[in-house]
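>>> Compute the structure for the input listed below.
(one chain, ligands or ions: 2)
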Amino acid sequence: MPIALSGIAVSKGIAIGKARVSQHGQLDIVEYVLPSEYIEDEVARFKHAIETACGQLRIIRQQVPEHAPAEVVSFIDTHLLMLQDEALSSAPAELIRQRRCNAEWALKLQQDALVQVFDAMEDPYLRTRRDDVEHVVRRVQQVLLREETQGILHESERDEQRIILAVDLAPSDMVQLNHRNVAAIITERGGPLSHTAILARSLGIPALVGVPNVHQYVAEDETIILDANNGALLLSPDEATLKHYRARQRAATVARRELFKLKDKGAKTLDGTRVSLHANIELSDDITATKRVGATGVGLYRTEFLFMNRESPPDEQEQYQTYLNAIKRLKGLPLTIRTLDLGADKEIVPGATACTNPALGLRAIRLCLKEPQLFLTQLRAILRASSKGKVRLLIPMLTSVQELTQALALLNQARGELRREKKSFDPKMAVGAMIEVPAAAICADLFAERLDFLSIGTNDLMQYTLATDRLDESVNHLFDPLNPGVLRLIHGIIKAGHKAKIPVSMCGEMAGDSRYTRLLLAMGLREFSMPPSSILEVKQALLGTDISKLQRKLPKLMASATPSTTAIELGLISLQ
Ligand code: PEP
Ligand code: MG
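Ligands and ions are numbered 1, 2, ... in the order given. Got it, this is the predicted structure:
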């Protein structure tokens, strides 16, 4: 009888292979106080370790295979920048001098301080960037401890399919894996937004994260099965289980091939309704993936990535060039640029203080209205880019119409400046709002009459409506798109958009979950935006949908106190 361990499936798929239990991520740090005459030698040892770690990363960067996703190189560059940043290259040296502690200890103290800062950030992406701090610090610690930093797979293992188990994997570890021979990845740490997760998804490698102490249960070379469709790791599988999973693997390969055949097929329901299937992107390089699956455009470009891991925000010209690059790559398809959705970040806004409840604090449009120059620079860059292609501007986290009025006034100011400077822009560029705060959702009509489109951010809308922190694993189970309160808000936003005759899009994770495609179509949603990897599955779901039949069932669902069961009974959602 196989034993099953569970975790968070961050990249779907089934894998069968021999376990490679990596010790990456586990280091024994010894802490001691130094006699004062050794302090400067210790500082020199520390600085040398930083240089060596930078050298290692530069070599790894050169080894990145050409076919690797663009994120791999950008993650390694980020790590290089972090190693050169004062916070890691100088602050630990000061700690060695002040506290007379050894280099490993100083580095650990500094890591703890930095991790605390990242943990306090409200933006989910920035919060997961604590991984970067841990990864780079681990590399320097390895150098200090003279640990081997060789690849996870040994030369002799490179011909067989391996399932890698590790405490954590840095992007540079991922580069050193020979992807063709990595059947799956399982880590103890990490969440859906961790680097391991992002890379595994782009590489198409099944991955399970957040499996505590996994290396204690799995023996090296043991044959194991990862069912990342159901978040399960199976140990000691018997012959019958292996046979069952081999058959499922074969079926999945066939299904994937079939799904890819839909790439160029028009996204039209059985009753002939056309639907837009846009992609969510974080970097303009992600556009390659959106093209691969035939996305109809970009429905959400999260521009905050441009502002991360740097000492000062990008200036107007840099932003303009970046947006222009995305426009060119999209070759006429629409690009929806969301203005900065960042939390209180000291590096960008000097003087901003960490707040007690970051999700409810100074983030997104609130931050932009408090720092109008930051906002104006971005608005000018987006406006200028709008003269070169089909650009839509999207404002996140609006709570009141007054905020919208202020944001639109700044947009007008940017337009006026550009006109005076004789710089071209599209005066008709569509302007929309993310509806992701319950107060805005309830008053969606007030926003709709002042805007060109709305976009529903279900990730935050659920977080605030259900009073459930989207990053807190202990309350993840409370995240429920079928909660009656959430459903009524979503339906209300779509209806408000229709009444004002403006398009309504959805760009939260719910839009990319094919279980809900039929329900959202019945509610009137016609524009979906999601991670590129979900587009074909959603397309498959909508191709088999007859909207008019489903619409008749909607009132019963909306009146139900238990929509999750009613939706299944009515055939409005699918079970998988
Ligand atoms: C959302 O909140 O649903 C959304 C798409 O924005 P983000 O996940 O970037 O907060
Ligand atoms: Mg959001």
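>>> Let me see the domain layout of the protein.
Domains of the chain are assigned by automatic domain parsing as 3-24+152-243, 36-144, 275-570.
>>> Adding mean neighbour count and mean pLDDT, write those out as CSV.
In this view, the C-beta of every residue, glycine as well, is placed from N, C-alpha and C. CSV is the format used below for those (neighbours: other Cβ atoms under 10 Å; pLDDT from 0 to 100):
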stretch, mean neighbour count, mean pLDDT
domain 3-24+152-243, 19, 81
domain 36-144, 18, 84
domain 275-570, 19, 92
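>>> Lys263: which of these is closest?
Among the domains of the chain, the nearest to Lys263 by Cβ to Cβ is domain 275-570 (4.2 Å).
>>> so how far does the closest one reach from one end to the other?
Using Cα to Cα, to the nearest Å, the gap from the first to the last residue of domain 275-570 comes to 22 Å.
>>> Let the chain start at 13 from now.
Let's use 13 as the start, then, which means that last one is domain 287-582.
>>> among the domains of the chain, which is nearest Asp276?
Closest to Asp276 of the domains of the chain is domain 287-582 (Cβ to Cβ; 5.8 Å).
>>> circling back: format the domains of the chain as JSON lines; extra columns: distance to ligand 1.
Shown next, in JSON lines, are the domains of the chain (distance: least, Cβ to the nearest ligand atom, whole Å):
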{"stretch": "domain 15-36+164-255", "distance to ligand 1": "9"}
{"stretch": "domain 48-156", "distance to ligand 1": "6"}
{"stretch": "domain 287-582", "distance to ligand 1": "3"}
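>>> Mind putting those domains into CSV with distance to Lys277?
As requested, those are exported to CSV (distance: least, Cβ to Cβ, whole Å):
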stretch, distance to Lys277
domain 15-36+164-255, 21
domain 48-156, 25
domain 287-582, 7
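>>> looking at the ones you listed, which is closest to ligand 2?
Nearest to ligand 2, of all those, is domain 287-582, at 3.7 Å by Cβ to the ion.
>>> if we can go back for a sec, so which of the domains of the chain gets nearest Ala267?
domain 287-582 (9.5 Å).
>>> how about the residues of the stretch 463-588 of the chain near ligand 2?
Taking Cβ under 5 Å from the ion as the contact definition, the stretch 463-588 of the chain meets ligand 2 at Gly469, Asp472.
>>> The helix ranked longest in the chain packs against which elements?
Criterion DSSP state H: the longest helix present in the chain is helix 51-75. With contacts defined as 3 or more Cβ pairs under 8 Å, 6 or more residues apart in numbering; DSSP states H and E, helix 51-75 has these neighbours: helix 82-96, helix 98-101, helix 103-111, helix 115-131, helix 142-156, helix 183-188.
>>> what are the ranges of the helices in the stretch 313-462 of the chain?
Secondary structure of the stretch 313-462 of the chain (DSSP state H, counting those that start in this stretch): helices at 316-319, 328-342, 376-382, 384-398, 413-432, 450-454, 456-460.
>>> At which residues are the strands of the stretch 263-412 of the chain located?
288-293, 310-314, 347-350, 403-407 (DSSP state E, counting those that start in this stretch).
>>> Near ligand 2, which residues of this protein? Just list them.
So far as Cβ under 5 Å from the ion goes, the chain lies against ligand 2 at Glu448, Gly469, Asp472.
>>> Now with 8 Å, please.
Asp353, Ala376, Pro408, Met409, Met446, Glu448, Gly469, Asn471, Asp472, Gly520 (Cβ under 8 Å from the ion).
>>> mind listing what the last one touches?
It refers to Gly520. Listed by Cβ atoms under 8 Å, 6 or more residues apart in numbering, the contact set of Gly520 reads Glu448, Ile468, Gly469, Thr470, Asn471, Asp472, Leu473, Met474.
>>> can you rerun that using 7 Å?
Shown in contact with Gly520 (Cβ atoms under 7 Å, 6 or more residues apart in numbering): Ile468, Gly469, Thr470, Asn471, Leu473.
>>> Please apply the same query to the second one.
Going by Cβ under 7 Å, 6+ apart, Ala376 touches Asp353, Pro408, Met409.
>>> Specify which member of the residues you listed is nearest to Leu533.
Nearest to Leu533 among these, with distances taken as Cβ to Cβ, is Pro408, at 25.0 Å.
>>> I'd say that closest one and Ile447 touch.
No: shown here, Pro408 and Ile447 do not form a contact pair, counting by Cβ atoms under 7 Å, at 9.9 Å.
>>> how far is stretch 422-435 from where the chain is centred?
Chain-centre distance of stretch 422-435: 33 Å, with Cα atoms, centre = their mean, to the nearest Å.
>>> residues in contact with it?
Pro384, Phe387, Leu388, Leu391, Arg392, Leu395, Arg396, Phe437, Val443.
>>> can you do 10 Å?
Contact partners of stretch 422-435, identified using Cβ atoms under 10 Å, 6 or more residues apart in numbering, comprise 328, 332, 351, 380-381, 384-385, 387-396, 399, 405, 407, 436-437, 439, 441, 443.
>>> what's the first-to-last distance across stretch 202-213?
Terminal-residue distance, stretch 202-213 (Cα to Cα): 14 Å.
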